[in-house]
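Q: quick check, what structure comes out for this input:
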Amino acid sequence: MDYELVIGLEVHAELSTKSKIYCSCTTEFGGDENTHCCPICTGMPGVLPVLNKKVIEYAVKAGLATNCEIANFSKQDRKNYFYPDLPKAYQVSQYDLPICKNGYIDIEVNGVQKRIGLTRIHIEEDAGKLIHDEWGRGTLVDYNRCGVPLIEIVSEPDIRSAEEAKAFLENLKAILEYIDVSDCKMQEGSLRADVNLSIRPVGQKEFGTRTEMKNLNSFKAILRAIEGEFKRQKTEIEYGGVIVQETRRWDDNKGESYAMRSKEEAHDYRYFPEPDLVPIVLEDSYINDIRSSLPELPEARKKRYIEEFGLPEYDSSVLTSSKYFADFFEEAVKMSNNAKAVSNWIMGDLMRILKEKEMEASDIPFPAEYLAKLVKLIDGGKISGTIAKRFLKRCSRPKKILK
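A: Numbers count the residues shown, from 1 in each chain. Next up is the predicted model:
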């Protein structure tokens, strides 16, 4: 029997605010353990939270950029559960009245376009981080991350393959980068995704029993986890077993998943309105002001590159897939007046170098000015392509090569 995947994603994006969601502690990544926290974010008795208004602005931005309806009235709720990295024994989140709902993101896989619905986007605070002793002697807790503002983007179960999931996440990541609400650095935990996955016979309308996959810290890990869980569930069903609704941890090194706990339902968290925070009331004028401030988004930029620079659709898609690549490209084009050459260098040698060094687009080791000078030197016949490649590999200044 043939089976199909049914996937819904829950994506947590850390917002690029300077201070936390309910206190003035810094959100800066790193630092010594338990130095970026205070009585508010560690849940000491008697403290009162104050909502960071920048969090609301960024959440509305994300909602508008993903075609959501923005709520004029929303509230915050306590999500109650016990875990060592949650010092208050509850997380302030949103339950029945989220700030954004009913959005969508368009994707394209193998030339086929598809619209993936968004159930909601809501704001919440992050939890701390557990640090397990490598010798097995115990576990420590770092509360620096407690209270860092998040938005959780919840998709509809519209995704039918690992490739569609990857395309959705890539498009979402690009949108969040473009509107400057999150740096989306997965290696620092700024973007995290949980995969809710079930399988069903092709043609069946009812959903199967879903599992939630956690510990996914890269797009490649997400792809492998989806493929691995699909095989596991299919084998279990074909041998007469029953899929249990549970949360599973993916071990990317072993290519296996392990049961962590039974999957909770909403009623298990005993949600109730946060009594220390007033409801969020947004005027239409406030929402429209944010709408008018939105920058050019990836799809619009892609179309402009095709029309303005005459680039192929594929090249335009790759260049606009990251705000860092797109900004770097445009800056270099302004200084070199040779869009095609700049595109070729970015698409070829620069991306190869970043891949070899396992670097992100945000980690390009030299400014766009260097690449622009390089292109001008080649166009002027002063250096060859071979020397230019040496420049890129060494990340040296073009003037040094001439000397």
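Q: count the neighbours of residue 392 for me.
A: The number of residues packed near residue 392 is 19, by other CB atoms under 10 Å. No exception for glycine: its C-beta is placed from N, CA and C like everyone else's.
Q: from here on, call the first residue 554.
A: Let's use 554 as the start, then, which means that last one is residue 945.
Q: hang on, residue 733 packs against residue 570?
A: No. In this structure, residue 733 is not within contact of residue 570 by CB atoms under 8 Å, at 11.1 Å.
Q: what about those two, which has more around it?
A: Neighbours per residue, other CB under 10 Å: of residue 733 and residue 570, the larger number sits with residue 570, 19 against 12.
Q: touching, that one and residue 702? I think so.
A: Yes. If you go by CB under 8 Å, residue 570 and residue 702 touch, sitting 5.6 Å apart.
Q: between these two, what contacts are shared?
A: Contact criterion CB atoms under 8 Å, 6 or more residues apart in numbering; residues shared by residue 570 and residue 702: 580, 605, 608, 611.
Q: for the second one, phi and psi?
A: Listed backbone geometry of residue 605 is phi -70, psi 120, with angles given as degrees, to the nearest 10.
Q: any idea how far it lies from residue 572?
A: With distances taken as CB to CB, to the nearest Å, residue 605 is found 6 Å from residue 572.
Q: more neighbours: which of those two?
A: Between residue 605 and residue 572, counted using other CB under 10 Å, the more crowded position is residue 605 (22 against 17).
Q: give me the pLDDT for that one.
A: Predicted confidence (pLDDT) for residue 605: 98.
Q: ok, now which ones touch it?
A: The contact partners of residue 605, taken as CB under 8 Å, 6+ apart, are 570, 572, 573, 574, 575, 702.
Q: surely residue 674 forms part of a helix?
A: No. The assignment for residue 674 (DSSP: H, G, I helix; E, B strand; the rest coil) gives strand, which keeps it out of a helix.
Q: what about the residue nearest to it when sequence neighbours are not counted, how many residues close to it?
A: Closest residue in space to residue 674, ignoring its immediate chain neighbours: residue 653 at 3.8 Å, by CB to CB, 6 or more residues apart in numbering. By other CB under 10 Å, the residues close to residue 653 number 27.
Q: touching, residue 653 and residue 618? I think so.
A: No. When contacts are counted by CB under 8 Å, residue 653 is not listed as touching residue 618 (10.1 Å).
Q: helices - which of the shared contacts of residue 570 and residue 702 land there?
A: If you go by DSSP state H, the shared contacts of residue 570 and residue 702 have 608, 611 in helices.
Q: the shared contacts of residue 570 and residue 702 into CSV, with extra columns for distance to residue 822?
A: Converted to CSV, the shared contacts of residue 570 and residue 702 look like this (distance: CB to CB, whole Å):
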residue, distance to residue 822
580, 25
605, 23
608, 21
611, 25
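Q: before we move on, the earlier item: hey, what's the residue nearest to residue 674 bridged with?
A: Counting by DSSP bridges, residue 653 forms beta bridges with residue 623, residue 674.
Q: got it, and the one 4 residues further on?
A: Here residue 657 sits in beta bridges with residue 670, going by DSSP bridges.
Q: burial of the residue nearest to residue 610 when sequence neighbours are not counted, as a residue count?
A: In space, and not counting its chain neighbours, residue 610 is closest to residue 843: 6.4 Å by CB to CB, 6+ apart. Look at residue 843: counted by other CB under 10 Å, it has 20 neighbours.
Q: can you tell me which residues contact residue 843?
A: By CB under 8 Å, 6+ apart, residue 843 lies in contact with 610, 613, 614, 617.
Q: try residue 791
A: Residues in contact with residue 791 (CB under 8 Å, 6+ apart) are residue 554.
Q: please tell me how far it sits from residue 559.
A: Relative to residue 559, and taking CB to CB, residue 791 is found at 18 Å.
Q: before we move on, what about residue 649?
A: According to CB to CB, residue 649 stands 24 Å off from residue 559.
Q: now do residue 672
A: From residue 672 to residue 559 the distance is 14 Å (CB to CB).
Q: ok, now residue 815?
A: Residue 815 is 20 Å from residue 559, where distance means CB to CB.
Q: got the contact list for the residue nearest to residue 928 when sequence neighbours are not counted?
A: Leaving aside its chain neighbours, residue 928 sits nearest to residue 889 (4.3 Å; criterion: CB to CB, 6+ apart). Residue 889 makes contact with 895, 924, 925, 926, 928, 929, 932, according to CB under 8 Å, 6+ apart.
Q: for residue 925, same thing?
A: 884, 885, 886, 887, 888, 889, 895.
Q: which of those residues fall within helices?
A: Counting by DSSP H, those place 884, 885, 886, 887, 888, 889, 895 in helices.
Q: pretty sure the fifth one contacts residue 922?
A: Yes. The pair formed by residue 888 and residue 922 meets the contact definition of CB under 8 Å, at 6.2 Å.
Q: show me where this structure has its helices.
A: Along the chain, the segments classed as helices by DSSP H run 606-618, 715-731, 772-791, 837-846, 851-862, 866-872, 876-889, 892-898, 904-909, 921-932, 938-947, 951-955.
Q: need those in TSV (columns: distance to residue 831).
A: Formatted as TSV, the helices of the chain follow (distance: least, CB to CB, whole Å):
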stretch	distance to residue 831
helix 606-618	12
helix 715-731	27
helix 772-791	38
helix 837-846	16
helix 851-862	36
helix 866-872	44
helix 876-889	34
helix 892-898	50
helix 904-909	46
helix 921-932	45
helix 938-947	54
helix 951-955	57
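Q: among these, show the one with the smallest mean pLDDT.
A: Of all the helices of the chain, the minimum mean pLDDT falls on helix 951-955 (a mean of 49).
Q: for residue 645, grab the count of nearby residues.
A: Neighbours of residue 645 under the rule other CB under 10 Å: 20.
Q: same thing with the one 10 residues further on?
A: If you count neighbours by other CB under 10 Å, residue 655 ends up with 13.
Q: need the contact list for it.
A: Listed by CB under 8 Å, 6+ apart, the contact partners of residue 655 are 621, 622, 670, 671, 672, 673.
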